[in-house]
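Visitor: what would the 3D arrangement of this be:
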Amino acid sequence: MTLTLNDDTLRPAEAVEALIARFGIWRVAAALAGQMLRPRLPDLHHLPDHLRRDIGLPDLPARRADQVWQRDGGPRADPAFRK
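Guide: Here you go, the predicted model:
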């Protein structure tokens, strides 16, 4: 589907008033509360660069060559790369 934007869109306050008029205050309030309590999307910084490019995100900055990852997932400086 293609999204078509119209110039005759409602202001946010008018849109909320139209929703309340159509569905009632309790249903609109319950929907808003449900959206506020909904879990947020995960942070996308953990994705590798090829997946980031697939969804249109820029690549992450290059990591330093002297950082290696431990088994527990944390970075540490590798003594073999000391200057």
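
Visitor: care to break this structure down by domain?
Guide: 7-40, 43-83 (automatic domain parsing).

Visitor: among those, show the one with the smallest mean pLDDT.
Guide: Mean pLDDT per stretch puts domain 43-83 lowest among these, at a mean of 68.

Visitor: how about the helices in the chain?
Guide: 12-23, 25-37, 49-54 (DSSP state H).

Visitor: and D43, which of these is closest to it?
Guide: Proximity to D43 (C-beta to C-beta) singles out helix 49-54 among these, at 12.2 Å. For every residue, glycine as well, the C-beta is placed using N, CA and C.

Visitor: quick one: contacts of the closest one?
Guide: Contact with helix 49-54 is made by L44, P58, D59, L60, as judged by C-beta atoms under 8 Å, 6 or more residues apart in numbering.

Visitor: now for those, which pair is the farthest apart?
Guide: L44 and D59 (12.1 Å).

Visitor: just put the helices of the chain in TSV and tack on mean neighbour count.
Guide: Shown next, in TSV, are the helices of the chain (neighbours: other C-beta atoms under 10 Å):
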stretch	mean neighbour count
helix 12-23	11
helix 25-37	10
helix 49-54	11
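
Visitor: from A30, how far off is L37?
Guide: Per C-beta to C-beta, to the nearest Å, L37 is found 11 Å from A30.
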